[in-house]
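Undergrad: This is a predicted model, with the sequence first.
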Amino acid sequence: AQAGPVALGMPVALGIAACLVATGCYGLAGFLTRRWITARGGLDSRLVALGSQWGAVLALAPWAAWQAFSQPGLAARWGAAPAPVWGALLAMGLLCTAWAYVLYFRLIADEGPLKALAVTFLVPAFGVAWGWLLLD
C-alpha cells in the first residue's frame, strides 16, 4: 500500500460517505443520550453502559454466528489462541470499552454532550503516541 493522492471512484466516495455518516451519528448520539438519561430521571451511567454493551453484543451476534458457520476452521483457531491474547482481549473489553463507557456516560450526564464529545479529539493524538511508543 502507498500513501498519497487517490483517484476518486465509487469505493473512495462510499468510504467518505460512511465516515461522514458515522461522524454525524456519533455527534447526534451524545445529545440523544443526554436527553434519554435526563428523561428517565437520571439513569446511572453504569446501567446505560451495560445496556449499550448488551445492545452491541446482540447486534453483532448474528454476524459472529455467520462467521463461525461459514468458516468452521476459524472457531478452532480462536480456541488455540495463547493466554496472553485472551488476556489482552479481556483487558480491551473491560478497561478500554466497558469502563470507558461508564466514564463517558457519566460525563454526558454531569457535563453535557458537548464537553463529553470534546474528549474524542484526543483519540488520534493518543493513538499516534501509543503507536510510536509501543510499535516504534
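TA: Structure's in. What do you need?

Undergrad: pLDDT of the helix or strand residue 131 falls within, averaged?
TA: For residue 131, the element it lies in under DSSP states H and E is helix 122-135. Within the predicted structure, the mean pLDDT of helix 122-135 is 89.

Undergrad: Run the chain-centre distance for that helix.
TA: 17 Å (C-alpha atoms, centre = their mean, to the nearest Å).

Undergrad: What is the burial count for residue 51?
TA: 13 (other C-beta atoms under 10 Å). All C-beta atoms are positioned from the backbone trio N, CA, C, and that covers glycine.

Undergrad: helix, strand or coil for it?
TA: With DSSP: H, G, I helix; E, B strand; the rest coil as the basis, residue 51 sits in helix.

Undergrad: Same check on residue 8?
TA: coil.

Undergrad: Next: residue 33.
TA: helix.

Undergrad: Great, nothing more from me.
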